Structures are given as C-alpha cells and as structure tokens.
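Enquirer: can you look at this prediction? I've put the sequence above it.
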Amino acid sequence: MKMMTAHIIFPEYEGLPKVQLYKPSGVRIESSWQRLTDRAIIVLPRNVKDFDKQKVRDIFLTGRPVEIHLGYNGNNIREFKGYITKVSADIPVKIHCEDEMYRLKNIPVHFSTPSINLQDLIKKILPGYKADVESWTMPPQRYVHTTAAKVLAFLKKEYNLYSYFKDDTLVVGKIYSDDSGNDPVELILEKNVRENRLEYRRKDDVKIKIKAVSTLRNGNKLEAVYGDNDGAEKQLAFYGIEVKAELEKQAKRAYDMYKKDGFDGSLSLFGRPFVRHGMKVRLKSYLYPDRDGTYYVDETIVTFDEGGYKREVKLGNRL
C-alpha cells in the first residue's frame, strides 16, 4: 500500500537552527517555462505545537531557503527549491515561496552595450550563475537601475526569449531543448491517468496566426504575418532578417509546425511518475490507438493534501 510522505527542509539561516516538516496540511507547486518564476505554498497544520517556544514568523523568515521533497513510502523526490517570500497572517499558516528567481529580483543591473551575444549578456549580469543559454546575437542593449529578473522579463516581452530555472541552472532562450535527449514518460490514458481533460483536435480545426517580428540592426522592426485570420496569435522574435520574404518563410514554417493533429489540454496524474515542464510524455490509448503521440510538457501543478498527491500536466507541442 502506498503512503504519501513529505520532507520539507528549512536549512540553518541567520542563526536559526535547521527546521524539518514531515506532515504539512498541504503543498501546492506551480512550475512552467512560460512564467519566469516557479512558486510554492506550504500550509502548516493548525496545531503547530512544534513551534510553541517561538513565534512561527520568527522561524519562517522572508528569504529563508526551503526544499520540498514529496513521494510515497519515504521514497521522496525534490519537487521544489527556493526561498520564503511571505507568511500569511491567517490560520492555517501559509508559507509562500519562490524559486531562485527570487534572488535575481534583488541583483542590481546597470550597464549598456553594443550588439552582444545573449550568452555574453547573461554572463555579464549574472557572473556567478550556472546557465544554459541560447546563442543569439542581440541588438544594442541598455539597462538603467534595474534588476537581473527585470532584464529577463524584458527579454521575454521584447524578443520572446523565455527564462526559467531548472534545478540550479538558469535556462535562457531554450524551451524544450534542454530535456530533448531524455526518453518520454509513457502515459496510458485508460490506466495511469487519474483524469483526462484533453481534447483531440484535427489540424483543420486548429486556428493559429503567426506574427514574426525581426529586430533590425538599427533597432527598427520588420513584421510578417501568416496563418488564419481568426486564429490565436503567436508572436515569434528574430534578429537581423531584413528581407520580408524570408521573414514570411519563417512564419509559414512555424505555422506548419503548429498546424497538426493532436491533443490539447491537461491531464491529472498521481504523484508518480515524476514529470516536469520541458520533459516529453508519450500518450497511448487502448480505445483510440490512432491518437497515440508524444508531446512536450508546458506546465505542471503539484498538489499534496488530504485529496492525495496529484500532478496536473499541461501539454505543449506535439513532436
């Protein structure tokens, strides 16, 4: 029989001893390459007798590191690593946490540069971090009295260059490629899926419009649009493409990539198998074998409470 187990660790911090929790009332972890910052909420039991001698908020200080390990029968896997951002005033006490991006929000950045490779830019603003960065030539950049996290948010907004932490590595400009060498996790829809919220769509029903934007070397923009007029718009960023016909070719290529038969939506799984964004899942069905396919994962939401240990998986592109 499987028994849910948890091990939440708050290492020594500013003179406070190490704190460990084994029976939280609840945990929720939201993780995606699309949102810059992964977040977690830990709900303490109403009876916090272990902390009678000290006030809860004197122990769980803002900025204190935290690790969340979850599993079955003591076979736990680290689901989250980050820092406390706030502690609620209500009962039960909720501890809000963010991943390593929390620290980047406090790292100052103030510099300007001519055309620079994205890899060199990240080294410049975050010299002490291990990073996996796409090689991409950027136009001149200028950042005045800002933070490293705001720079990453600007890269996402201006160039569609997404950033997120994978374990202790900052990934910039790569969505799925960092996990592309791993084997897919096999999921049988009628067997190891708790709830299926997927909708199968044929490519003729997929409506999408691609907006390709190239930043020219002088800073001006060149745009090309391709696809369905009534489709959901997806913007792609390029640099240095100065011929509109070439930009239109890139837009059409992207359109053909998204215009495929496949599932759209999410799955509710048990706590195992372990799946996180960037990984691949291979969906199989006894009832509809013609719909089998392999997909990337865009987002996961992990919950651990009286309702069970569950993993919500949102699908991304079909391979």
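Expert: In hand now; what should we look at? Note that the coordinates shown come from a computational prediction; the quantities given were computed from them, not determined experimentally.

Enquirer: phi and psi next, for Asp90.
Expert: phi -90, psi 180 (degrees, to the nearest 10).

Enquirer: for it, grab the count of nearby residues.
Expert: Counted with other CB atoms under 10 Å, residues neighbouring Asp90 total 6. For every residue, glycine as well, the C-beta is placed using N, CA and C.

Enquirer: surely Lys156 meets Ser163?
Expert: Yes: in this structure, Lys156 is within contact of Ser163 by CB atoms under 8 Å, at 6.7 Å.

Enquirer: compare these two (neighbour count), which wins?
Expert: When Lys156 and Ser163 are compared on other CB under 10 Å, the one with more neighbours turns out to be Ser163, at 24 against 19.

Enquirer: quick one, strands of the stretch 151-300 of the chain?
Expert: Secondary structure of the stretch 151-300 of the chain by DSSP state E, counting those that start in this stretch: the strands cover 163-166, 169-172, 185-188, 195-201, 208-215, 221-227, 232-239, 262-270, 280-284, 293-305.

Enquirer: for these, which one ends up most surrounded?
Expert: Of the strands of the stretch 151-300 of the chain, the one with the most neighbours on average (mean count of other CB atoms under 10 Å) is strand 163-166, at a mean of 22.

Enquirer: so what sits against both of Lys156 and Ser163?
Expert: The contact sets of Lys156 and Ser163 overlap at Leu36 (CB atoms under 8 Å, 6 or more residues apart in numbering).

Enquirer: before we move on, back to that, figure out which of the strands of the stretch 151-300 of the chain is closest to Ala131.
Expert: With CB to CB as the criterion, Ala131 lies closest to strand 169-172 of these, at 4.5 Å.

Enquirer: for that closest one, which strands pair with it and how are they oriented?
Expert: Partners of strand 169-172 in the sheet, by DSSP bridges, are strand 131-133 (parallel), strand 163-166 (antiparallel).

Enquirer: how far off centre is that strand?
Expert: Here strand 169-172 is found 11 Å from its chain centre; the criterion is CA atoms, centre = their mean, to the nearest Å.

Enquirer: for the helix ranked longest in the chain, which positions count as buried?
Expert: In the chain, taking DSSP state H as the definition, the longest helix is helix 244-258. Of all the residues in helix 244-258, those buried under the rule 16 or more other CB atoms under 10 Å are Leu247, Glu248, Gln250, Ala251, Ala254, Tyr255, Tyr258.

Enquirer: Leu21: which of the residues you listed is nearest?
Expert: Tyr258 (43.2 Å).

Enquirer: which residues does the closest one contact?
Expert: Neighbours of Tyr258 in contact, by CB under 8 Å, 6+ apart: Val206, Ile208, Ile210, Lys234, Asn317.

Enquirer: indicate each strand paired with the worst-scoring helix or strand of the chain on mean pLDDT and its parallel or antiparallel sense.
Expert: Least confident helix or strand of the chain, by mean pLDDT, DSSP states H and E, is strand 232-239 with a mean of 80. Counting by DSSP bridges, the strands paired with strand 232-239 are strand 208-215 (parallel).

Enquirer: so for the strand it pairs with, mean pLDDT?
Expert: Taken as a whole, strand 208-215 carries a mean pLDDT of 86.

Enquirer: ok, residues contacting it?
Expert: 139, 159, 221-229, 231-242, 247-248, 250-252, 254-255, 258-259.

Enquirer: now with 6 Å, please.
Expert: Applying CB atoms under 6 Å, 6 or more residues apart in numbering, the contact partners of strand 208-215 are 139, 221-228, 231-239, 241, 247, 250-251, 254-255, 258.

Enquirer: same question for stretch 186-198.
Expert: Contacts of stretch 186-198 (CB under 6 Å, 6+ apart): Phe263, Gly265, Ser266, Leu267, Ser268, Leu269, Val281, Arg282, Leu283, Lys284, Ser285, Tyr286.
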